[in-house]
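1. okay, sequence plus prediction incoming.
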Amino acid sequence: MPQQLAAKKTSVEQLEITTRDIAHEMGQKQREISVSEFFTKNRHLLGFDNPKKALLTCVKEGVDNSLDACEEARILPEITVKVDPTENEDRFRVTIEDNGPGIVRDQIPRIFAKLLYGSKFHRLKMARGQQGIGISAAGMYGQLTTGRPVSITSRTKPSKPAYYCELMMDTQKNEPVIVKEQELEWDRPHGIKVVIELEAKYQKGRQSVDEYLEQTAVANPHAAFKYINPEKEELVLPGASSELPSEPKEIKPHPYGIEVGMLIHMLHDTRARTLSSFLNTEFSRVSSRLAKEICEKAGLPENARPQRVARQEADKLLKAIHSTKIMNPPTDCIVPIGEGLILKGLERQFKADFYTATTRTPSVYRGNPFLVEAGLAYGGELPQEGLARLFRFANRVPLLYQQSACIITESVIDNSWRNYGLPQSNGALPGGPLVLMVHVASVWVPFTSESKEAIAHYPEIEKEIRLALQECGRKLSTFLSRRRRHEESEKKKSYIKTYIPHIGIALREILGLKEKEEQRIVENLTEVLEKSRGG
Ligand SMILES: Nc1ncnc2c1ncn2[C@@H]1O[C@H](COP(=O)(O)OP(=O)(O)O)[C@@H](O)[C@H]1O
Ligand SMILES: [Mg+2]
């Protein structure tokens, strides 16, 4: 027995030594992963899964930034996109140039060669970019696949020369490295030019750079575009409107959209000295009276120091917030394209027989204001065969991938288009010569992933999309039934018309009329028929 015990003891000791060794060994292997290392391995998360998509994503990140910057600076955007082939057929050189405000010199390295750096993440304002991981990811992908730096030309005002630099990213540290910099003559008074060389594949058609620019033009009729593709074909689209979209307002978060972790973080960071002034100043729609009411419900003193509020108390605070009636956030922070401009955008792109558009009033999901618009073009030169084309937009940016994962697609499929006179099979888009567009605008668009390709399924958003589609559908249905009635009556008329001469002959024979009288009868009858056509 004692022998057995001793054996057991040694094996326990042995086990203790080995596990300690393993833990020690494992401990030595642990190390921090920088964001850029992470995204280098997981490039698909940012939209660089394959060479064709990489080209699109690169152009998209550049153009989205140009449009955002121009709008923020209240400049009518003029954007040039050039995709040049290189000596290596698997590599292309992408140039995106804008007439925006430019970027000050000391911000340039971090903007273009550091992931998660940007001006839009920490604010609630409607914009195309939001995560600070767009253009720097494109540059990183270029560097990774070609070893070449990103080059930037920036000018902030005509009185200053342009600044030119070439940047690489230290992916282990997620920090920029300036390879070259100099002042430069540039014919533009202000703006940005970005050149990225990357491994890519150019292909026209679905999910191409060409399609992205076509759709961007539909949602941004105020912008002028020039596009030169690798085959040196030039597409020039002058602006279809000299009206800039109005400037979206920045707002504070609404208390209903906040989670406990975020609340703790905000309590810690605030400059407010008391809990009630924290609630009042850091959130939208919390008056000082409401702030007091919330503190009271949570059982916390209104003059408590926000930094002193413990985690459990934060839970109580959140509960109190949700049991208090707080007005919806202001919605003037959302800027729609607007019905008139949607029509202009569709007309600039498509020759159709019928156009319609609708802009819903803003609504709220999880404390975030949003708004839905829809538009469609039907008939004319649009292809008769096949399914409708669906254009999805989030803050005016076309979404070209992950169509089936997107709430927009689901809502379009769930709508009964047959009620409006269009063919539709189960679980499919409607058919016919139709282009449909749906735009979701928000201070924070809930994308399903970092690559910003599909909008997540929030019931509030789904409802608004459905209502917008139904409105467009009803208008289309009115047009279609009117056109059908018109066609039917035309058919009847032409049928009757073939009989009119025979009636003339018959009447002449029965009544013994003269030829002239017969002719007059035929003319009269034809006139009566034609007159009704005018109606
Ligand atoms: N063409 C441009 N003109 C002016 N500012 C720009 C331009 N491109 C990028 N920026 C600035 O760089 C920041 C980072 O851009 P990006 O990496 O695409 O992230 P995001 O657009 O999500 O903020 C933007 O927030 C913006 O402030
Ligand atoms: Mg961006």
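-> Everything's here; your move. Ligands and ions are numbered 1, 2, ... in the order given.

2. I'd say V335 and R128 touch.
-> No: V335 is beyond contact range of R128, at 12.0 Å (criterion: Cβ atoms under 8 Å). Using the backbone N, CA and C atoms, a C-beta is placed for each residue, glycine as well.

3. quick one, which of those two is more surrounded?
-> Each of V335 and R128 has its neighbours counted (other Cβ atoms under 10 Å); R128 has more, 25 against 18.

4. helix or strand: which one has the residue nearest to the more buried one when sequence neighbours are not counted?
-> Excluding the flanking residues, the one nearest R128 by Cβ to Cβ, 6 or more residues apart in numbering is D64, at 4.1 Å. If you go by DSSP states H and E, D64 is part of helix 51-72.

5. buried residues in that helix, which are they?
-> 51, 53-72 (16 or more other Cβ atoms under 10 Å).

6. secondary structure class for the closest residue to ligand 1 within the stretch 51-200 of the chain?
-> Residue of the stretch 51-200 of the chain nearest ligand 1, by Cβ to the nearest ligand atom: G129 (2.0 Å). When classified by DSSP: H, G, I helix; E, B strand; the rest coil, G129 comes out as coil.

7. number of residues surrounding I505?
-> There are 13 residues near I505, going by other Cβ under 10 Å.

8. packing partners for the helix holding D64?
-> Judged by 3 or more Cβ pairs under 8 Å, 6 or more residues apart in numbering; DSSP states H and E, helix 51-72 is in contact with strand 78-85, strand 91-98, helix 135-146, strand 191-199, helix 209-219.

9. how much does it deviate in direction from strand 78-85?
-> Here helix 51-72 points in a direction 160 degrees away from that of strand 78-85 (axes from the mean of the first three to the mean of the last three Cα atoms, to 10 degrees).

10. does helix 51-72 reach ligand 2?
-> Yes: against ligand 2, helix 51-72 shows contacts by Cβ under 5 Å from the ion at N65.

11. residue numbering should commence at 414 henceforth.
-> I'll keep to 414 as the first residue from here, and by that count the last item is helix 464-485.

12. that helix vs strand 504-511, what angle?
-> Interaxial angle, helix 464-485 versus strand 504-511 (the same axes, to 10 degrees): 10 degrees.

13. just checking, the residue of the stretch 464-613 of the chain closest to ligand 1 touches N478?
-> Yes: when contacts are counted by Cβ under 8 Å, G542 is listed as touching N478 (6.1 Å).

14. ok, and the closest non-adjacent residue to the most centrally placed residue in the chain?
-> The geometric centre of the chain, computed from its C-alpha atoms, lies nearest to A807 (Cα atoms, centre = their mean), at 2.3 Å. Leaving out its chain neighbours, the residue that sits closest to A807 by Cβ to Cβ, 6+ apart is V858, at 4.5 Å.

15. identify the residues contacting that neighbour.
-> V858 sits next to Q543, F783, A807, N808, K865, I868 when contact means Cβ atoms under 8 Å, 6 or more residues apart in numbering.

16. quick check, nearest of these to ligand 2?
-> The closest of the contacts of V858 to ligand 2 turns out to be Q543 (Cβ to the ion; 7.9 Å).

17. the stretch 814-948 of the chain: helices as residue ranges?
-> Taking DSSP state H, counting those that start in this stretch to define them, one finds helices in the stretch 814-948 of the chain at 820-827, 872-924, 928-947.

18. give the contact list for the closest residue to ligand 2 within the stretch 664-813 of the chain.
-> As assessed by Cβ to the ion, ligand 2 sits closest to V810 within the stretch 664-813 of the chain, at 9.5 Å. Residues near V810 by Cβ under 8 Å, 6+ apart: K473, D477, R541, T629, A632, K865.

19. the same query, at a cut-off of 7 Å, please.
-> The neighbourhood of V810, defined by Cβ atoms under 7 Å, 6 or more residues apart in numbering, consists of D477, R541.

20. quick check: E579 is in a strand.
-> Yes: counting by three-state DSSP, E579 is part of a strand.

21. my guess is it contacts T566, does it?
-> No: using Cβ atoms under 7 Å, E579 is not in contact with T566, being 10.5 Å away.
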